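Q: Please find the sequence and the predicted model below.
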Amino acid sequence: MPLSNSANSNDNPSGIRKGLTRYGDAEFSLFMRKAFIKAMGFSDSALDRPIIGITNTYSDFNPCHGNVPQMIEAAKRGVMQAGGMPMVFPTISVHESFAFPTSMYLRNLMALDTEEMMRAQPVDAVILIGGCDKTIPAQLMGAASVDVPVISIPTGPMLTTTYQGDRLGACTDCRRYWAKFRAKEIDQTEIDAVNEKLAPTTGTCMVMGTASTIACMVEAAGMSLPGTAAVPAVMAERFRLAELTGRRAVELAKMPSEQALTPGRILTLESLTNALTVLHAIGGSTNALIHFTAIAARLGVKIDLEAFDRLGRNVPVLVDLKPSGMHYMEHLNEDGGLMAVLRELRPLLYLDCITVSGRTLGEEIDAAPVTRNRKVIRIAQEPIFPVGGLAVLKGNLAPRGAVIKHSAASPALLKHRGRAVVFSSLEDLALRIDRDDLDVKADDVLVLQNAGPKGAPGMPEAGYLPIPKKLAQAGVKDMVRISDARMSGTAFGTIVLHITPESAENGPLAIVRSGDIIELDVDARRIELLVDDAEIARRLAELAPPAVRLNIPDTGYRRLYQTTVTQADVGCDFDFMVPAATRSAPLLKGK
């Protein structure tokens, strides 16, 4: 096509003509762009098509994304079948176990990377391929800010295998066997043998951890095609879905701008409510609440934690997966995947929400095949847990809220009063938790301070404080544990997380001392420090200002992070990324 037809004659440029580099001469900019892209062997015919960007989050440090190269090839096939031009571009790749100090520290950086790569390059639609915990949230945060048509497809969960007849899955069983090892129930040889079996294929954790939770919520919210949440990473169906995603991306790119299915159109109050209803119903990860709070905030929607808690009181846990249940994601897939869960939740959902397929959620549920012999999905009348998997707590210890995954907690500890055993930092925890002279009893409350978004920094998954070794060896399996940290969605136990404000912001958690009495009452949604108000005020007044205690460096990403990251109740995003006009109306009204 002649160059003269390209640049300024189109008010809504697309394809190779979109977002021309600013040389001061649009015609020259297009001339240069076409000259350089032809170095890759492209013809004018190939360039005269909708351009579909495909994110490349593969890394040798990210085994959860080990199938991404094959998924990219499948997506490219689909794009070309539908008449588009696939263009793969990289973003940073973040893996939970390979990111120092924590993957959450890098989530916002990945969101910025994804957003700016989408802005900078001539893409008419983008396929977001992500998997391990923070990657899909980061991608959707970036996409929400750009608001171009996107379609998400997760890498999918691993398959399981067995060890001595015991079916294993990362990483709930990682924690279960590590606890046995700490308690000297198994030896080094056995824990090494288990280590070989826990992650037998590429893919994300095959329990209802954060990655699986997010995949389910994204499908429920309408940002991915039906079936994409549960199909294992190594199955052929995963790659067929990637191909189908590629075809659909071209259709999205060809839609008139006034009809475009962008994140801003799909992620409405109602569809976000659907996603958070699913979070309760699958016994999902506490991390997912932070991530979807951040995604919603990018779109000007404020999630109200108390409304989220009220929503959960009417939503039963229906999925029998670890850590709230017994089974794994491959079994959920065999039962019909998320659509089968949504069929049971139908009366609780907003069915008219449009999805990235172009159909409503109700239409997708109706079209999904019915699996009659089910293993892990319960009917609503026979739930695995009577109310939603997460509860929001408040009290003088958490004025702006805290979260507990009570579906994976010990029922006997959900109402508990105990003496605090305080660890002032991650380093203090590592130094003292296994000492024989640690003053701790089974009915005490373990407290970790300074592990929040700013304090750690990065709010690491340290909320799963290990049982002190001497108690573990005495047979103690669970204790009440509280912190301003996060916990992996694969973890279990009576663990209070995301205490807000965090210790580093001089929240009340910062002034808890060993020997103080803490009261937890999940039914009443309360977490209280049983110290009189005057003493609390006196202790808070003694604290140095947060800026002094944090010792923030003068330069670098850490300075950006610690000076701008928000608290857990508003998503731990950078404050400058959240629109000032974020709506304050409660999000969750339920049905």
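A: Here it is on my side, so go on.
Q: show me where pLDDT drops low in the protein?
A: 1-11, 581, 583-589 (pLDDT under 70).
Q: List the strands paired with the top strand by length along it, with their directions.
A: In the chain, taking DSSP state E as the definition, the longest strand is strand 415-423. The strands beside strand 415-423 in its sheet (DSSP bridges) come out as strand 445-448 (parallel), strand 517-521 (antiparallel).
Q: So what touches it?
A: Around strand 415-423, the neighbours that count as contacts under Cβ atoms under 8 Å, 6 or more residues apart in numbering are 429, 432-433, 438-441, 443-449, 465, 480, 494, 512-523, 530. No exception for glycine: its C-beta is placed from N, CA and C like everyone else's.
Q: buried subset of these?
A: Applying 16 or more other Cβ atoms under 10 Å to these, the neighbour count classes 429, 432-433, 440, 444-449, 465, 480, 494, 512, 516, 518-520, 522 as buried.
Q: Val392 pairs with what?
A: Val403.
Q: so how far is Leu414 from it?
A: 14 Å (Cβ to Cβ, to the nearest Å).
Q: More neighbours: the two, which one.
A: Val392 (21 against 16; other Cβ atoms under 10 Å).
Q: Quick check: the gap between the more buried one and Phe423.
A: Note on Val392: its distance to Phe423, by Cβ to Cβ, is 24 Å.
Q: Ok, Glu115 next?
A: Taking Cβ to Cβ, one finds Glu115 at 37 Å from Phe423.
Q: go on, Thr245?
A: Distance of Thr245 to Phe423, computed by Cβ to Cβ: 45 Å.
Q: Those two: which is more packed in?
A: More neighbours surround Thr245 than the other of Thr245 and Phe423, with 26 against 23 (other Cβ under 10 Å).
Q: show me the contacts for the nearest residue to that one once chain neighbours are set aside.
A: Leaving aside its sequence neighbours, Thr245 sits nearest to Ile153 (Cβ to Cβ, 6 or more residues apart in numbering; 4.7 Å). Neighbour list for Ile153: Met71, Ala75, Ile127, Leu128, Ile129, Ser224, Leu225, Thr228, Leu241, Ala242, Thr245 [criterion: Cβ under 8 Å, 6+ apart].
Q: just the buried members of these?
A: Here the buried ones among the contacts of Ile153, as counted with 16+ other Cβ under 10 Å, turn out to be Met71, Ala75, Ile127, Leu128, Ile129, Ser224, Leu225, Thr228, Leu241, Ala242, Thr245.
Q: The fourth one sits in which helix or strand?
A: Assessed by DSSP states H and E, Leu128 sits inside strand 125-130.
Q: Any idea how far the following helix or strand past that strand is from the middle of the chain?
A: Going down the chain from strand 125-130, the next helix or strand is helix 135-146, by DSSP H and E. The chain centroid and the centroid of helix 135-146 are separated by 11 Å, computed with Cα atoms, centre = their mean, to the nearest Å.
Q: and whichever helix or strand comes after helix 135-146, which strands flank it?
A: Tracing the chain past helix 135-146, the next element assigned as helix or strand by DSSP H and E is strand 150-154. According to DSSP bridges, strand 150-154 forms sheet pairs with strand 125-130 (parallel).
Q: Residues contacting the partner strand, please?
A: 50, 52-57, 65, 68, 71-72, 75, 79, 114, 118, 136, 138-140, 143, 148-155, 242, 245-246, 249-250, 252-253.
Q: ok, 7 Å please
A: Identification of contacts with strand 125-130 by Cβ atoms under 7 Å, 6 or more residues apart in numbering yields 52-55, 57, 68, 71-72, 75, 118, 136, 139, 143, 148-155, 245-246, 249, 252-253.
Q: If I take it and helix 135-146, what angle do their directions form?
A: Here strand 125-130 points in a direction 150 degrees away from that of helix 135-146 (axes from the mean of the first three to the mean of the last three Cα atoms, to 10 degrees).
Q: Use 15 as the first number from now on
A: With the count now opening at 15, the last piece we talked about shows up as strand 139-144.
Q: tell me, what residue is most central in this protein?
A: Ala302 (4.3 Å; Cα atoms, centre = their mean).
Q: what helix or strand does that one sit in?
A: Ala302 belongs to helix 300-312, assigned by DSSP H and E.
Q: got the contact list for that helix?
A: 147, 151, 154-155, 158-159, 224, 227-228, 231, 281, 286, 289-290, 293, 317, 322, 404, 417, 419, 500-501, 503, 511-512, 582, 584-587, 591-592, 596, 601.
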